[in-house]
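K.L.:
fold the following.
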Amino acid sequence: MTTTPAISVQDLTRTYQSKKKKDAYTAVKGVSFDVRPGEVYGLLGTNGAGKTSTLEIVEGLAAPTNGTVRVLDKDPVAARAQIRPELGIMLQSGGLPKELTVSETMRMWAGTCSTPLPVDDVLGEVDLNHRTDVRVGSLSGGEQRRLDLACALLNDPSIIILDEPTTGLDPESRSRTWELLATLKNRGVTMILTTHYLEEAERLADRIAIMNNGVIAVEGRLDELAATEGAEISFTLPQSGAAGSGGRMQDIFPSFPGAQVTRDGEQLRIETSRLQEDTHRLLDWAATNNVSLGHFSARPASLERVFSKIAGTDTSV
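P.N.:
Next up, the predicted model:
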């Protein structure tokens, strides 16, 4: 049985043409992905990777240069009037009028929704019901982000697009927002999430795509992405031979079948799919031969390592 995707993006290209120059800039280059009903899809990447340019087309705020986008099996630009009641959007910056109070802002926003939820209920969900009489311009940056989220939730959407929803939030507010989004996920709400907090993607997303330079470099479940890099053991060895060994370090160093061992001076790195077994092997060898391992670390496979390698910020040795 085939389920129609809640969101389908196929061969999407978006090119910006400068009015003053002949040069064109292509921000999105043939991107394809589907988001299933009730799924949370994490779209990650560094600044300039093409995430927001992609989302603006999904949101119906811009038309693609090439390719097709469908939201609830409709064109989000041509069928915006039909799609909008089902869609909640939280932009990177809400741009809400700063002179209005929180209550006035929510009532104004409710007037744009066909069947809005009770304003007080939504403000309670984002922990702003004690700030109803405060002007938007007087809110902290984190409170403004929570108000942006409240506006996105006000029409009880079946699909929510969240562009960096917890930027500027303190750790407690971020954790509460994650709990709220997890509750929405349990209700079956479909979400696309962009974020610079990898823990956020790890906690919320069913599948993750990492964009780089306008294309999707990798896509899959968290465990699938982490498995592409494997775990890592890193440490330094003393310059002299092992005490009491009677031989050179390279002559007694253990083998690690199936692992990749690289060395740069005194520093070694072991990339392995058997982290626990190879860590025990290394530590047993070091204890037996009285070898001191400096700067020792054993790191499991992680989204951070995958992201860093794609983004070109991998600082491991």
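K.L.:
in the stretch 51-200 of the chain, which spans are strands?
P.N.:
Remark: strands assigned in the stretch 51-200 of the chain by DSSP state E, counting those that start in this stretch are 66-71, 87-90, 159-163, 190-194.
K.L.:
ok, now the stretch 201-317 of the chain?
P.N.:
If DSSP E, counting those that start in this stretch is used as the criterion, the strands of the stretch 201-317 of the chain fall at 207-212, 215-220, 231-236, 260-264, 267-272, 294-299.
K.L.:
could I get those strands as TSV with mean pLDDT and mean neighbour count?
P.N.:
In this view, the C-beta of every residue, glycine as well, is placed from N, C-alpha and C. Putting the strands of the stretch 201-317 of the chain into TSV (pLDDT from 0 to 100; neighbours: other Cβ atoms under 10 Å) gives the following:
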stretch	mean pLDDT	mean neighbour count
strand 207-212	94	23
strand 215-220	93	17
strand 231-236	89	20
strand 260-264	86	12
strand 267-272	88	19
strand 294-299	89	13
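K.L.:
how about the ones you listed in JSON lines, adding distance to K185?
P.N.:
Compiled in JSON lines, the strands of the stretch 201-317 of the chain are given as follows (distance: least, Cβ to Cβ, whole Å):
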{"stretch": "strand 207-212", "distance to K185": "13"}
{"stretch": "strand 215-220", "distance to K185": "18"}
{"stretch": "strand 231-236", "distance to K185": "29"}
{"stretch": "strand 260-264", "distance to K185": "37"}
{"stretch": "strand 267-272", "distance to K185": "34"}
{"stretch": "strand 294-299", "distance to K185": "28"}
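K.L.:
would you mind giving the domain segments of this protein?
P.N.:
Taking automatic domain parsing as the domain assignment, the ranges for the chain are 37-61+79-226, 231-300.
K.L.:
what's the most buried one of those?
P.N.:
Here the criterion is mean neighbour count by mean count of other Cβ atoms under 10 Å, and of the domains of the chain the winner is domain 37-61+79-226, at a mean of 18.
K.L.:
what's the first-to-last distance across that one?
P.N.:
With Cα to Cα, to the nearest Å as the measure, the ends of domain 37-61+79-226 fall 24 Å from one another.
K.L.:
now stretch 142-161
P.N.:
End-to-end span of stretch 142-161 (Cα to Cα): 18 Å.
K.L.:
need the domains of the chain in TSV with distance to T15, can you?
P.N.:
Converted to TSV, the domains of the chain look like this (distance: least, Cβ to Cβ, whole Å):
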stretch	distance to T15
domain 37-61+79-226	10
domain 231-300	39
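K.L.:
worst average pLDDT in these?
P.N.:
By mean pLDDT, the lowest-scoring of those turns out to be domain 231-300, with a mean of 81.
K.L.:
for stretch 269-284, which outside residues touch it?
P.N.:
Outside of stretch 269-284, the residues within contact range by Cβ atoms under 8 Å, 6 or more residues apart in numbering are 227, 229-235, 254, 256, 258-263, 293, 298, 300-301, 316-317.
K.L.:
now stretch 117-127
P.N.:
Stretch 117-127 has contacts (Cβ under 8 Å, 6+ apart) with 102-103, 106-107, 110, 129, 132, 146-147, 149-150, 153-156, 173, 176-177, 180.
K.L.:
coming back round to it: V215: which of the strands of the stretch 51-200 of the chain is closest?
P.N.:
Of all the strands of the stretch 51-200 of the chain, it is strand 66-71 that lies closest to V215, at 12.6 Å by Cβ to Cβ.
K.L.:
tell me where the stretch 151-300 of the chain has helices.
P.N.:
171-186, 198-204, 222-227, 249-252, 275-288 (DSSP state H, counting those that start in this stretch).
K.L.:
kindly report the same for the stretch 1-150 of the chain.
P.N.:
Listed from the start of the chain, the stretch 1-150 of the chain has helices (DSSP H, counting those that start in this stretch) covering 51-58, 80-83, 102-110, 119-125, 141-153.
K.L.:
so how far is T190 from T3?
P.N.:
According to Cβ to Cβ, to the nearest Å, T3 stands 12 Å off from T190.
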